[in-house]
Structure formats: C-alpha cells, structure tokens
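>>> no sequence on hand, only this structure:
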C-alpha cells in the first residue's frame, strides 16, 4: 500500500507518545495479535509501520532545529517513556512555526521544566512550503488548547499544500461548516475535532451517563473534575483558554442522553495543575440520580491514566482512515472516524454505533 507521510504541528507530549508508539509497534504483523489501543493492526492495507513522519513544527527553543527523534524527549515534555530511544526520523528537523496564540501569556511565570520557552532567534518557516516539499499526506494539529489562530493557520496550510487534516484539539475546524466546506472544495478529507482518549475521562463519563439514561435513571446532576501536571493543564490554568474545551467535553457527555441536562446541572472540564504528577491525569467523576420510587443512586469514579499515550492509538487509526479517504477520493469530514475518536465531531453517535460505522468505512461499505 505504500507509506503514509505525516506532518505534525506541536511536538508536545501527545506527539511524543505517538512517535514513540509507531517505533515501538514497528514489527507488529498482520495477524490478530492484540495491540493495545488500536481497532486493527491493519486498516485498509496500512500497517502501523507504514506511518512515516516527514515534517514537524514547534516554537520551543529546545525543539526547533533539533532532530525529531530527539525533540520528542525535550522539556517541557514529561510523558511516560514507551521506548528509550527512537531510531528513525533523525533526519527530520523540527521547523519553527508561528507563535500566534499558541502560547498563553501566563506560561512564562513558571519554571522551564514545565513551561514553554519560545525560540526568539529563528524566523517562522513557510508552513505550506515545508508541507509541499515533505510530500505530507496527513497534517496533524496538536497545538495547545486555546490556539484558535494557530489552528486556523495550520488548517489553511493543509488546504494550500494539499494535505488531509487531523485536528486533535478543541478548536473547531471539521465541525465548522465553513471550514469543512473549504476541504470539500479542495477535494481533501479532514477528521476532528478534539481527540478522545482510549480510556479517558470523557469516554468513561459518557459511558456511565448513557448507562444511567438507558436504565431509566433520572440524572439530577453530574460533574467531571480533572487535574494533571503536563503543559496541557498548565496552559489551561487560565479560563480564557478553556471555552471550546468545556464545550467539547460537555457535548460529548450530553449527546449520549435522550434529554440533555440543564446547563446548571452539569460541570465538566479541567480543574487544576499539579506539577509533580507530570503527565498523569486524575479524573474525579460523579453522577447523581433517582431510580424507581425516587430512591437516590449515585456513582463516583476516580480514574488515573498516563494522559498522552491515551490518545496515540486513536490518532494512528485516524491517520490511516484519512489516508484511505485520500486513496478513495473522498473529501470533507469523515463522519465515522471523527465520531469514534473525537469529542466534538461534526455528528455525535453512541460509541458502539460509531465503532460499527468505522468498521463499515474501512471495508468500503460506507463512504465516510
């Protein structure tokens, strides 16, 4: 089937986990051997080892100008180490992207071990030119939450360079009709927005909420509070960066209910930054309801995960589904893989239905 050439904007923890994971699973065969986090070892003929990284963008001085296989381990990255050394992609040099709104002002208040340090000595690269020269098939957006202008810059660069676009953050591109129309006009596919974790706070919360709803429990209120020690949580320490993140996470849960809760009965979103827990994410979730005879029923869950590896398998499936769309000449939003792997897809579906849709898309039974 050939290779899938991938470019990434934002070489943070999530990109690090993805790149380490592709190396870690490079020898996985076409058998039914279980690979944690993947729907299938092979999707439409494409194996994990068919993914090749061809371009990368960041703004941190510890990453810009460095080989990609070194930059993924540079501070402030602090994710779980899947593999000690990545042998490939040492010839891919991280280019400087435009800063725009990609870094929150408050980040400079913190120690460099947990915060960004902008490379002031280098001019931003021409994103579109780099993408074209790299031959990238798929361009991934892994910018920090709240990077609206930066995300739009990279989405436009994908359009101008002729790349499929995988939007992994809660800046709405694929679920925005005007942006999605641009990808249709350019005959390019896109998937997004805001990547779900393999087993994370959102997927657990929406599953439990649907269980309550399906079993006839009247939900009176629910919350989800999350803490973490990576740059994502530090970035979100200011509420002005959180608008679309809260919308994305809340709609992911509300969409599973027959009748959505009143706004004052649901609270979902990041809560605080705790530096020493690094890339661990700890979720506290509570659902309160009433069952038969108005008797109360409450559930509380404490979930702890390594945050960034949680998204890597979902993005590997997303990358391969986008390449299939390119091969098949499908343009615009990919409804199936977006619904299955994203918190804020163009159309929400229950997870079992979304998974079935992806299976049908892979086999060619459905167009998108």
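Thanks, I have the structure now. In this text the structure is predicted, and so the values were computed from the model without any measurement.
>>> please count neighbours and contacts with C-alpha atoms only from this point.
OK.
>>> how near is residue 190 to residue 136?
Between residue 190 and residue 136 the distance is 14 Å, computed by CA to CA, to the nearest Å.
>>> for those two, indicate the residue with more neighbours.
Taking other CA atoms under 10 Å, residue 190 and residue 136 do not tie; residue 190 has more neighbours (35 against 23).
>>> quick one: that one is in a strand?
Yes: the assignment for residue 190 by DSSP: H, G, I helix; E, B strand; the rest coil puts it in a strand.
>>> quick check, it in contact with residue 172.
No: with contact defined as CA atoms under 8 Å, residue 190 does not reach residue 172; the gap is 11.8 Å.
>>> tell me where the stretch 1-150 of the chain has helices.
Along the stretch 1-150 of the chain, counting by DSSP state H, counting those that start in this stretch, helices occupy 13-24, 68-71, 127-134, 148-161.
>>> identify the bridge partners of residue 189.
On the basis of DSSP bridges, residue 189 takes part in beta bridges with residue 332.
>>> got the contact list for it?
Applying CA atoms under 8 Å, 6 or more residues apart in numbering, we find residue 189 in contact with 164-165, 183, 322, 325-326, 330-334.
>>> could you rerun that using 10 Å?
Residue 189 is in contact with 138, 159, 162-166, 174, 180, 183, 321-326, 329-334, 368, counting by CA atoms under 10 Å, 6 or more residues apart in numbering.
>>> now, which of those lie within helices?
Those of those mapping onto helices are 159, 180, 183, 321-326, per DSSP state H.
>>> out of those, which is most surrounded?
Looking at the ones in helices among the contacts of residue 189 with neighbours defined as other CA under 10 Å, the largest count falls to residue 322 at 28 neighbours.
>>> what stretches of the chain score poorly on pLDDT?
Applying pLDDT under 70 to the chain picks out residues 1, 31-32.
>>> distance to residue 308 for the ones in helices among the contacts of residue 189 - can I get that in CSV?
CSV is the format used below for those (distance: CA to CA, whole Å):
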residue, distance to residue 308
159, 27
180, 27
183, 28
321, 21
322, 21
323, 23
324, 25
325, 26
326, 27
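>>> about what we covered before: how about the helices of the stretch 1-150 of the chain in CSV, adding distance to residue 204?
Output for these, formatted as CSV (distance: least, CA to CA, whole Å):
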stretch, distance to residue 204
helix 13-24, 20
helix 68-71, 32
helix 127-134, 37
helix 148-161, 27
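>>> which one of these lies closest to residue 142?
helix 13-24 (7.1 Å; CA to CA).
>>> in the closest one, what's buried?
13-24 (16 or more other CA atoms under 10 Å).
>>> where does the residue nearest to residue 254 when sequence neighbours are not counted land in three-state SS?
What sits nearest to residue 254 in space, not counting adjacent residues and going by CA to CA, 6 or more residues apart in numbering, is residue 260, at 5.3 Å. At residue 260 the chain is in coil, as set by three-state DSSP.
>>> and residue 260, what does it touch?
Going by CA under 10 Å, 6+ apart, the list of residues near residue 260 reads 219, 251, 253-254, 266.
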